[in-house]
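K.L.:
I'd like to go over a predicted model; first the sequence, then the structure.
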Amino acid sequence: MAITKARANEARNAITAIFFIQGIVGVTQIPRIPELIEQVGANFGVWGLITGLSGLGGMLGLLFTTPLIARFGTRNVTIVGGVGQALMVAALIFAHDPIAFLIFSAVGALSGSTLNIGINSQSVALQKAMNRVIIGRFHAAWSIGATISAVLSGILATFMPLWIHLLLVPGLGAISLIIFGRGLLVAKEDGHGTGQVVAKKSSFLKMPGQVWLLSAGLFAGVFGELAMMDWSAVYSKDVLLLDAGRGAIPYAAFSAAMIIGRLSINKLGNKWHISSVARVGALMAGSSFAVGIFLSSTLVNTNQDLALVLVTIFFFIAGLGSAPMVPSFFSAAGYVKGLNTAQVLARMSFMNSIAVMGAKYLMGALALNVGLALAFVFPIVTSLLAGIIAGVVAKRAKVGDELASAYPATGAMAIAED
């Protein structure tokens, strides 16, 4: 069906708000991860295992998210998933052993996976209807929320008890998500749920090779971000010997750069294919991670302030490079023949979850056995790999194709004049 420009703008604002709220809620605990590690009594190896196994919840959500979307639509799935994720962040205050923390994290990952598929399906559907690249703006909104949350949480960590912090921010986030969620596309508008364009059923093992390629690229592109979320505060505390307030600065710089990078995707996408942009960005991210970690860990014993400045600068550059990677692979999910966007995203996210589970455990094992600075070689390598895969995607893409020409369409939506 056709929707008006006014309705398209309303949906765009709602999607942007949801990404922003998700960034606020999902990052609020990062500066306090060292406190949470102490609260549950875990070493680096156990912490890596917890963060990895929590992905089982995300995988479980991926198994039934597509049927839920087909029945209830992306809007309802997005709202319920977002509220559930916020509640599980708040529940971390009740985790005083690794098992309890794992359970709350797994349920939060389950909720988050449904939220991610729902909101990204909405964003790709609207992008195809508007026939221009707008997904970078949505992911930039997440980065804006994450940056604000990282800075605010770093400040709150200096005086606010953990339990108040993790009740206040997720609680406000859940309320805001319900309010803004009312403006999202409904089922008949985005083609998921009622009136959905039915795609041919495809066996998981027999799905197009392009999906396997995109899944590998998604993992390689996202792991650097995940490593920053899980380990940047720990790196600041244990390697750079910083307090919680200053320890939040490197991640805040990384996240701020993601904002700038993702806001620039639209303009860059007008000149180069988004996968080509991602290829260059990934190489820049990997090299900047490497230089920042090497210089800061080397100089910390002689000049802690200089080490902080350098790691902040190079993490900022890495953030710029990381910005286009996930949006580029998500955008390509709308152009797989034989599957609709939600189906492709679900398969990509499922395989990504499997890879991330093992990768997070490996990251923790490396941090425990060879030290956290050397463990960062892992996300450095995955960032460089993402650049190689993005280059392959760029070569396969037909630059002349318009965004709305992909088959099968996510839905029958188009923009109509007011």
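P.N.:
The structure has been received and is ready for your questions. Residues are numbered from 1 along each chain as shown.

K.L.:
Give me the below-cutoff pLDDT ranges for this structure.
P.N.:
1-2, 133, 190-206, 342, 396-418 (pLDDT under 70).

K.L.:
Show me where it has its strands.
P.N.:
2-4, 414-416 (DSSP state E).

K.L.:
Could you report the distance from Ala220 to Leu372?
P.N.:
In this view, Ala220 and Leu372 are 21 Å apart by C-beta to C-beta, to the nearest Å. Yep, even glycine has a C-beta here, placed from its N, CA and C like the rest.

K.L.:
Quick one: the helices in the stretch 151-300 of the chain, in order.
P.N.:
162-181, 187-190, 209-238, 244-247, 249-263, 265-271, 274-299 (DSSP state H, counting those that start in this stretch).

K.L.:
can you list these in TSV and add distance to Phe330?
P.N.:
As requested, the helices of the stretch 151-300 of the chain are exported to TSV (distance: least, C-beta to C-beta, whole Å):
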stretch	distance to Phe330
helix 162-181	20
helix 187-190	15
helix 209-238	8
helix 244-247	31
helix 249-263	12
helix 265-271	11
helix 274-299	10
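
K.L.:
With mean neighbour count and distance to Lys337 as new columns, can those helices be given to me in TSV?
P.N.:
Shown next, in TSV, are those (neighbours: other C-beta atoms under 10 Å; distance: least, C-beta to C-beta, whole Å):
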stretch	mean neighbour count	distance to Lys337
helix 162-181	18	32
helix 187-190	24	20
helix 209-238	22	8
helix 244-247	20	47
helix 249-263	25	28
helix 265-271	16	22
helix 274-299	22	18
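
K.L.:
Would you tell me which of those gets closest to Ile148?
P.N.:
Ile148 lies closest to helix 249-263 among the helices of the stretch 151-300 of the chain, at 8.7 Å (C-beta to C-beta).

K.L.:
Show me the contact partners of the closest one.
P.N.:
27, 30-31, 136-137, 139-140, 143-144, 146-147, 150-151, 154, 225, 228-229, 232-233, 235-236, 242, 281, 308, 311-313, 315-324, 327 (C-beta atoms under 8 Å, 6 or more residues apart in numbering).

K.L.:
Can you flag the buried ones in the residues you listed?
P.N.:
Among these, those classed as buried by 16 or more other C-beta atoms under 10 Å are 27, 30-31, 136-137, 139-140, 143-144, 146-147, 150-151, 154, 225, 228-229, 232-233, 235-236, 242, 281, 308, 311-313, 315-324, 327.

K.L.:
now for the helices of the stretch 151-300 of the chain, which one comes closest to Leu345?
P.N.:
helix 209-238 (9.4 Å).

K.L.:
Grab the nearest non-local neighbour of Ala17.
P.N.:
Once flanking residues are discounted, Ala17 sits nearest to Phe180: 3.9 Å by C-beta to C-beta, 6 or more residues apart in numbering.

K.L.:
ok so, going back, just the buried ones among the contacts of helix 249-263: which are in helices?
P.N.:
The members of the buried ones among the contacts of helix 249-263 that map onto helices under DSSP state H are 27, 136-137, 139-140, 143-144, 146-147, 150-151, 154, 225, 228-229, 232-233, 235-236, 281, 308, 311-313, 315-322, 327.

K.L.:
ok, Ser349 to Leu102 distance?
P.N.:
Counting by C-beta to C-beta, the gap from Ser349 to Leu102 is 20 Å.

K.L.:
picking that back up, let me know which of the helices of the stretch 151-300 of the chain is the nearest to Gln22.
P.N.:
Going by C-beta to C-beta, the one of the helices of the stretch 151-300 of the chain nearest Gln22 is helix 162-181, 8.0 Å.

K.L.:
now that closest one against helix 135-156, angle please.
P.N.:
Per axes from the mean of the first three to the mean of the last three C-alpha atoms, to 10 degrees, the angle that helix 162-181 makes with helix 135-156 is 150 degrees.

K.L.:
so what's the residue most central in space within the chain up against?
P.N.:
By C-alpha atoms, centre = their mean, the chain has its centre lying nearest to Val222, at 6.8 Å. Going by C-beta under 8 Å, 6+ apart, Val222 touches 325-326, 352, 356.

K.L.:
now Ser143, nearest residue through space, not along the chain?
P.N.:
Ser143 sits nearest to Met258 (C-beta to C-beta, 6+ apart), 3.7 Å away.

K.L.:
Am I right that Leu283 is in contact with Ser322?
P.N.:
No. Applying C-beta atoms under 8 Å, one finds Leu283 not in contact with Ser322, separated by 11.1 Å.

K.L.:
circling back: relative to Pro327, how far out is the residue nearest to Ser143?
P.N.:
In terms of C-beta to C-beta, Met258 sits 10 Å off from Pro327.

K.L.:
and if you look at Leu92?
P.N.:
In terms of C-beta to C-beta, Leu92 sits 29 Å off from Pro327.

K.L.:
got it, and Leu366?
P.N.:
From Leu366 to Pro327 the distance is 28 Å (C-beta to C-beta).
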